[in-house]
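>>> Starting from these lines, generate the structure:
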Amino acid sequence: MSFLDNSSGGWGARIVADIPYSTNMPTGAIAQPCLVSPLPKNMFNSPGLSLALQQPNIDNQGDGNRMGENFEGCVGRRSREDEHESRSGNDNMDGASGDDQDAANNPPRKKRYHRYTPQQIQELESLFKGCPHPDEKQRLELSKRLCLQTKQVKFWFQNRRTQMKTQLERHDNSLLRQENDKLRAENMSIRDAMRNPICTNCGGPAIIGDISLEEQHRRIENARLKDELDRVCAFAGKFLGRLISALATSIAPPMPNSSLELGVGSNGFGALSTVATTLPLGPDFEGGMTNALPVVPPNRPTTGVTGLDRSVERSMFLELALAAMDELVKMAQTDEPLWIRNLEGGRDILNPDEYLRTFTPCIGMKPSGFVTETSRETGVVIINSLALVETLMDSNRWAEMFPCMIARTTTTDVICSGMGGTRNGALQLMYAELQVLSPFVPVRVVSFLRFCKQHAEGVWAVVDVSIDTIRETSGAPTFVNCRRLPSGCVVQDMPNGCSKVTWVEHAEYDKSQVHQLYRPLLGSGMGFGAQRWVATLQRQCECLAILTSSTISTKDNTAITASGRRSMLKLAQRMTDTFCAGVCASTIHKWNKLNDGNVDGDVRVMTRKSVDNPGEPPGIVLSAATSVWLTVSPQRLFDFLRDERLRSEWDILSNGGPMQEMAHIAKGQDHGNCVSLLRASAMNANQSSMLILQETFMDAAGSLVVYAPVDNPAMHVVMNGGDSAFVALLPSGFSIVPDGPGSRGPTSNEHINGNGVGGGGGSQRVGGSLFTVAFQILVNSLPTAKLTVESVETVNNLILCTVQKIKAALKCES
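Here you go, the predicted model:
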């Protein structure tokens, strides 16, 4: 490319950008232009300067002398072809040759260059704005119209593009220079602020770096005592008639090595003296680690709450978190006499007398009418400790890991986000709704502190404890049906990438709100206990490992793309979440409970309006659920319900015939843990067959079968990787749990008679199943319509008829 000049009697300059590449050339050398002929000092004073160089956007004229320094080095590296391509087509107007060899043998001659007229430049500029890269046909047409040679048009566009590129680079450099100046100014302001840091709690000078929990607690307590002393002095001064000094100078500063006293007057923790931040971990956890707990300002709304109240509350939160962590780790690592092994079921049972001797209640005495449930379980999960801790400290990921146990959860306040970019020392307030899939068990609503701490390399602990006692002392109204005593897990990394998890659940709840049928289950700790948490965690981690593996199971013989698998799994997860919300009546949806005399007493019927929800059909949704006890093992009941060949014995959607499995996505080693797509038999040749999406799984704590009819075109879109959020569905299904401790049903060698009792002569009791049936049906497509008695009776009869069909097929009684 070249910039051309036509000066009468002047020298012509040609800037060459086509420099041959050399391996020893420095980076960026190709972008540097050089001159192929010396420029006289009075070049830019020549009256014949080209109009192309007189454009207002050409500002590189001042670089002529600098670029001329590289003249000789650039000339020696040019080839004959590059010279021919770079020169202007105007060179041939006076018969001059552009060969390098001729230029070396003959003295340079003055060349006559063509001067572009203003009309030509205007026409070229106009075309350049619309087409910077004209093709040969456009150049030919333009040359004819402007009376120019095609080479002149070609090189003009080349030079113009070079000018535009130079302008853009200079503009970018200007923006980067401004941004650099802005960052430099911000850096200087941050440095100035770091030279004199101020503590946000007490207003005094802050210490750069991580502040220990003891130091943080001292500062908060010191600020509280100062404020309280000032108020007392002001109050006394009103009676004495003179100003009372706060005597701040007489208070000696705390010694650096003094221990932290956690008792704060009459806040319920007066019996706690000092809690060491290094907690003993027993033989399974080598050593301990002392880690500071920095505290960050709360991010919750503080309307109507003074700084003193916030500091006192946070101080109590810190004390409660440390006491709860100490109790959790001791309960996780201590065996007898604190825990007694149950010979019948092999479970650990807490010794209440030893517990009261060992620990002081950290959230006060048990409320009247509440009962205690305690459980402990140990298992190995396919996840490392860091990933598990991140999952537990993130409310959304926590709910996804335990989908059927957590109806709803949120993080209401982050008191501390951790240290050094990790979750070590993280402390946050959380809200959760915990559920057992039955209308006979109310949802447990808890507000609690969650505290995470690293005790050694690869050893973490996460503890939860209710804050109802603190809320009561602060005057906030509390209406709870459950309190979580220190509960959580201790996680230890294993060499194979897995983790050993020891889970402890300790809660107090209102027994009167639980149906008689489910009281033994909850009393044994299997409803909300550690066994269910560990079993769900193991199943979910196994599912994630299978879904993220590069190999696909041979059972998945259907041609589903990877994106189609993800969409189908996402749709199944939404289906299961909607089913659970309908069974337990969580606050995810606004349900209205019906008290109709035509409804069976054990069937709970609720309604809600579905409006502007793309994942559900619009109208009035009716949910009916009930639970019964069946004298059949959970395994046999689960196998019967998920068998598509036997589905016609209980499902009216099967049209009286077997169903065909069209797609299968494994979610576990067990073939029953999967998401499948079933095709029902058509009633006649003119009717299209129905598709049913189904998810089934089973673990040590129970099993679930959820299904929903789906639209054929919508499922084809999902299986091809389309968005599943717009697929409308209303799920139905079944939940199965063992009826009590030690009930695992008969073994495969035992014979089951018609009543579900083993045929052997032994007197061993055969475990039954707590069976929950739930349907969600669209009874009217108009959200503003009123519910009719006939619709309620139809759903009530449907659920009772389904239970009777299942009992008849299994030959068991409830």
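
>>> can we go C-alpha only for contacts and neighbour counts from here?
Will do.

>>> in the stretch 251-400 of the chain, what spans have low per-residue confidence?
Flagging of the stretch 251-400 of the chain using pLDDT under 70 yields the residue ranges 251-309, 344-345.

>>> Now Arg347: closest residue in space, sequence neighbours ignored.
Closest residue to Arg347 apart from its sequence neighbours, by CA to CA, 6 or more residues apart in numbering: Arg341 at 5.8 Å.

>>> how close does the one you found get to Arg376?
11 Å (CA to CA, to the nearest Å).

>>> list residues touching both of those two?
Common neighbours of Arg341 and Arg376, using CA atoms under 8 Å, 6 or more residues apart in numbering, are 347-349.

>>> which of these lies closest to Leu569?
The nearest member of the shared contacts of Arg341 and Arg376 to Leu569, counting by CA to CA, is Arg347 at 34.5 Å.

>>> And the closest one, its phi and psi?
phi -100, psi 160 (degrees, to the nearest 10).

>>> returning to what we had before: need the shared contacts of Arg341 and Arg376 in CSV with distance to Arg642 and neighbour count, can you?
Putting the shared contacts of Arg341 and Arg376 into CSV (distance: CA to CA, whole Å; neighbours: other CA atoms under 10 Å) gives the following:
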residue, distance to Arg642, neighbour count
Arg347, 30, 19
Asp348, 33, 18
Ile349, 35, 17
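
>>> returning to that earlier point: quick check on Arg341 and Arg376: which one has the bigger neighbour count.
Arg376 (24 against 14; other CA atoms under 10 Å).

>>> Wasn't the more buried one part of a strand?
Yes - looking at Arg376 with DSSP: H, G, I helix; E, B strand; the rest coil, it is inside a strand.

>>> just checking, what packs against the helix or strand containing Lys807?
Assigned by DSSP states H and E, Lys807 belongs to helix 789-810. The contact analysis (3 or more CA pairs under 8 Å, 6 or more residues apart in numbering; DSSP states H and E) places helix 789-810 against strand 619-630, strand 769-780.

>>> orientation of it relative to strand 769-780 in degrees?
150 degrees (axes from the mean of the first three to the mean of the last three CA atoms, to 10 degrees).

>>> What residues of helix 789-810 count as buried?
792, 795-796, 799, 802-804, 806-807, 810 (16 or more other CA atoms under 10 Å).

>>> mind putting those in JSON lines, pLDDT and distance to Gly523 included?
Listed next are those as JSON lines, based on pLDDT from 0 to 100; distance: CA to CA, whole Å:
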{"residue": "Val792", "pLDDT": "84", "distance to Gly523": "34"}
{"residue": "Val795", "pLDDT": "85", "distance to Gly523": "32"}
{"residue": "Asn796", "pLDDT": "85", "distance to Gly523": "30"}
{"residue": "Ile799", "pLDDT": "89", "distance to Gly523": "28"}
{"residue": "Thr802", "pLDDT": "91", "distance to Gly523": "29"}
{"residue": "Val803", "pLDDT": "91", "distance to Gly523": "26"}
{"residue": "Gln804", "pLDDT": "91", "distance to Gly523": "29"}
{"residue": "Ile806", "pLDDT": "92", "distance to Gly523": "28"}
{"residue": "Lys807", "pLDDT": "91", "distance to Gly523": "27"}
{"residue": "Leu810", "pLDDT": "90", "distance to Gly523": "29"}
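
>>> As TSV, those residues with distance to Cys498 would be great.
Shown next, in TSV, are the buried residues of helix 789-810 (distance: CA to CA, whole Å):
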residue	distance to Cys498
Val792	50
Val795	47
Asn796	47
Ile799	43
Thr802	42
Val803	41
Gln804	45
Ile806	40
Lys807	42
Leu810	40
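
>>> low pLDDT regions in the stretch 1-150 of the chain?
Short version for the stretch 1-150 of the chain, where the test is pLDDT under 70: 1-114.

>>> One more: the stretch 651-800 of the chain?
682-689, 740-766.

>>> can you give me the strands in it?
For the stretch 651-800 of the chain, the strands defined by DSSP state E, counting those that start in this stretch occupy 660-666, 674-679, 691-699, 702-710, 732-738, 769-780.

>>> neighbouring strands for the longest one, and are they parallel or not?
Using DSSP bridges, the neighbouring strands of strand 769-780 in the sheet come out as strand 619-630 (antiparallel), strand 732-738 (antiparallel).

>>> ditto for the third one
Based on DSSP bridges, the strands next to strand 691-699 in the sheet, each with its direction, are strand 674-679 (antiparallel), strand 702-710 (antiparallel).

>>> Just name the most buried of the strands paired with strand 769-780.
Of all the strands paired with strand 769-780, strand 732-738 carries the top mean neighbour count, a mean of 25, counting by mean count of other CA atoms under 10 Å.

>>> How about residues contacting that strand?
Identification of contacts with strand 732-738 by CA under 8 Å, 6+ apart yields 437-438, 521, 579, 633-634, 637-638, 701-708, 744, 767-776.

>>> In contact with Leu175, which residues?
Applying CA under 8 Å, 6+ apart to Leu175 gives no contacts.

>>> Revised request: answer the last question for Phe528.
Listed by CA under 8 Å, 6+ apart, the contact partners of Phe528 are 434-436, 505, 522.

>>> So which of these sit within helices?
Within those, residues falling in helices by DSSP state H are Leu522.

>>> Number of residues surrounding Thr536?
Neighbourhood size, Thr536 [other CA under 10 Å]: 22.

>>> name the element it belongs to?
helix 530-548.

>>> next structured bit after that helix?
Counting by DSSP H and E, what follows helix 530-548 is helix 562-584.

>>> quick revisit: so for Gly458, which of the strands paired with strand 769-780 sits nearest?
It's strand 732-738; of those, that one is closest to Gly458 (CA to CA) at 34.3 Å.

>>> okay, the closest one in PDB with CA atoms only?
Only the C-alpha atoms of strand 732-738 are listed here, as PDB (Å, rounded to 0.1, in the frame of the first residue of the first chain):
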ATOM      1  CA  SER A 732     -48.500 -37.300  39.900                       C
ATOM      2  CA  GLY A 733     -46.700 -40.000  41.700                       C
ATOM      3  CA  PHE A 734     -45.900 -42.100  44.800                       C
ATOM      4  CA  SER A 735     -43.600 -41.900  47.700                       C
ATOM      5  CA  ILE A 736     -42.500 -45.000  49.700                       C
ATOM      6  CA  VAL A 737     -40.600 -45.100  53.000                       C
ATOM      7  CA  PRO A 738     -40.000 -47.900  55.500                       C
END
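
>>> Now do that strand and helix 562-584, the angle between them.
70 degrees.

>>> Need the nearest residue in space to Ala562, chain neighbours excluded.
Nearest residue to Ala562, sequence neighbours excluded (CA to CA, 6+ apart): Gly721, at 7.7 Å.

>>> Quick check: that neighbour vs Ala728, distance?
Distance, Gly721 to Ala728, using CA to CA: 17 Å.

>>> my guess is Gly668 contacts Thr548, does it?
No - with contact defined as CA atoms under 8 Å, Gly668 does not count as touching Thr548 (12.0 Å).

>>> That'll do, ta.
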